[in-house]
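J.: Let's see this in three dimensions:
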Amino acid sequence: MSGTGEPTWRDPTREDDEDMEGTESEEEEDEIMEENEEEEKDPGPERVYLPGMEPLEEGEELVMDHDAYILYHQAQTGAPCLSFDVILDTLGDSRSDYPLTLFLCAGTQADTALGNRLLVMKMHNLHRTSKEKKEKEGSESESSESEEDDEDEEEKKPQLELAMVPHFGGINRVRVTTLMDTPVAAVWSEKGQVEIYDLQKQLAAVSDPQSLATFLKDEQAKIKPVYSFSGHMTEGFAIDWSLKTAGRLITGDCNKNIHLWNPKEGGTWLVDQRPFTGHTKSVEDLQWSPTEDTVFASCSVDASIRIWDTRAAPNKACMLTANQAHDSDVNVISWSNNEPFILSGGDDGVLKIWDLRQFDRGASVAKFKQHTSPITSVEWHPTDGSVFAAAGADDQITQWDLAVERDQDQEGESDDPALTSIPPQLLFVHQGEKDIKELHWHPQCPGIVISTALSGFNVFRTISV
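T.: Here you go, the predicted structure:
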């Protein structure tokens, strides 16, 4: 099992030079020099690339601006992960000292059902992005300094520890919570079951080399879910743990049904067999209220967003509905921890802000159309009530701040219509990933965003947040 999907880290801030050796005649050398001079002609000024507004011309490529990031690393785990969640740790809240250490739980979408794994990861030694550009060394003394720099780079390499357990079937969604100091993961899989996993052994394994060796040898294949529910009868994606009542869970499926889980003594759950009914198509996402322990929100392929209260009978629990919240499927929602707002993203590529104090009016209070493809993930900043991030199938992650307003004094100063059309609330556009599926802010590390895509994981912090 341990040989499946070996993890690798890639640090995009490091540049590896390749030395080409060979022999040429003087005439050949002159020809090569002339060719190089032609290639090195000034290509013109660098331009800011605006996704969806202008295509790249032939020969053009995107170049990362390292100065725009405080931290930026990439990781690969073999099979891509459709979903992940942050595991809260005991290293402290609001920590910004580098290097950083993060713990994540993720699930793979492998080519075969037997090839899938539930992963617990420890990402550590995550240093800040270096803003200093290296220059080639020409003397022996400079060469000595270069060797010291190389040693320093070796010490700054990011590290990834990984504990995997077998999981039959691709994992659609992972959400983590803590029960009595025990981290547990709820896992929605394509086989139509929701399973609960205890993560203690995996966390112990990634935190200690000796424990990891023991885990890989004796425990890895023995890990099984502590509880599972197959009453949905089909697969799903929607799942969320309550922030107010430990162990309370809601799960939604592609058959439009939502089930409520309540924890019981002995580490099991009582799942209400009566589904919450109201949606007419697949339930895509669920979010518990951060302030009310009986209230949750849902969104659906039927283009609606609904607010429910579990104190009522399941068939009467829907309190409020925005029937045509988006032009088509509503894929994802996020309920703010700080303001009475719900953020939604749909197949129409639109982001909308819903004020719960005006929800019965059926109209959003703000909407943004920066993404050119369906929205795949949205999340409010854990502490800043005006900031959120979104990901789309257009390979963009965008960061927004609702508190920013257009400067009236600078209105119309730009001659570029593409720039003037950008909403002032758009802080940052992150690119470079392929087929982005999910993002999360790290609740204990201010400004840190983690994302998963077909191309792997990104961990970054921008200068904007």
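J.: show me where pLDDT drops low in the chain?
T.: Applying pLDDT under 70 to the chain flags the ranges 1-56, 131-151, 408-419.
J.: now with 50?
T.: 1-7, 11-24, 132-141 (pLDDT under 50).
J.: Okay, helices next: where are they in it?
T.: 26-39, 140-155, 200-207, 209-214, 417-420 (DSSP state H).
J.: number of nearby residues for the closest residue to Asp348 other than its chain neighbours?
T.: Take Asp348 and drop its neighbours on the chain: the residue closest to it by Cβ to Cβ, 6 or more residues apart in numbering is Asp327, 4.4 Å away. All C-beta atoms are positioned from the backbone trio N, CA, C, and that covers glycine. A total of 12 residues lie near Asp327 under the criterion other Cβ atoms under 10 Å.
J.: Ok, the one 10 residues further on next?
T.: As a burial measure, Asn337 scores 15 neighbours (other Cβ under 10 Å).
J.: Show me the strands in the stretch 201-350 of the chain, by range?
T.: When secondary structure is read from DSSP state E, counting those that start in this stretch, the stretch 201-350 of the chain shows strands at 227-229, 236-241, 249-253, 258-264, 268-271, 283-288, 295-300, 305-309, 318-322, 330-335, 341-346.
J.: Show me what the third one packs onto, helices and strands only.
T.: Put plainly, it is strand 249-253. Counting contacts by 3 or more Cβ pairs under 8 Å, 6 or more residues apart in numbering; DSSP states H and E, the secondary-structure elements packed against strand 249-253 are strand 182-189, strand 236-241, strand 258-264, strand 283-288.
J.: So what touches it?
T.: Contact partners of strand 249-253, identified using Cβ atoms under 8 Å, 6 or more residues apart in numbering, comprise 186, 188, 192, 194, 229, 232-242, 258-261, 269, 282-286, 288, 296, 298.
J.: Then the fifth one?
T.: Here strand 268-271 makes contact (Cβ under 8 Å, 6+ apart) with Ile196, Tyr227, Phe229, Gly231, Gly247, Leu249, His259, Leu260, Trp261, Asn262, Pro263, Lys264.
J.: and those as a markdown table, adding distance to Val365?
T.: Listed next are those as a markdown table, based on distance: Cβ to Cβ, whole Å:
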| residue | distance to Val365 |
| --- | --- |
| Ile196 | 37 |
| Tyr227 | 40 |
| Phe229 | 37 |
| Gly231 | 37 |
| Gly247 | 34 |
| Leu249 | 30 |
| His259 | 31 |
| Leu260 | 29 |
| Trp261 | 32 |
| Asn262 | 34 |
| Pro263 | 36 |
| Lys264 | 40 |
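J.: Out of these, which end up buried?
T.: Restricting the contacts of strand 268-271 to buried positions leaves Ile196, Tyr227, Phe229, Gly247, Leu249, His259, Leu260, Trp261, Pro263, with burial counted as 16 or more other Cβ atoms under 10 Å.
J.: closest to Ser211 among those residues?
T.: Distance to Ser211 across the buried ones among the contacts of strand 268-271 (Cβ to Cβ) is lowest for Ile196, with 22.5 Å.
J.: Quick check: that closest one vs Ala363, distance?
T.: Between Ile196 and Ala363 the distance, using Cβ to Cβ, to the nearest Å, works out to 39 Å.
J.: How about Arg274?
T.: Using Cβ to Cβ, one gets 32 Å for the distance from Arg274 to Ala363.
J.: And those two? Which one has more around it.
T.: Ala363 (14 against 11).
J.: any idea how far Gly345 is from the more buried one?
T.: The value you get for Ala363 to Gly345, if Cβ to Cβ is used, is 17 Å.
J.: How about Lys157?
T.: Here Lys157 is placed at a distance of 35 Å from Gly345 (Cβ to Cβ).
J.: So for the two, which residue has more residues nearby?
T.: Between Lys157 and Gly345, counted using other Cβ under 10 Å, Gly345 has the larger neighbour count: 28 against 12.
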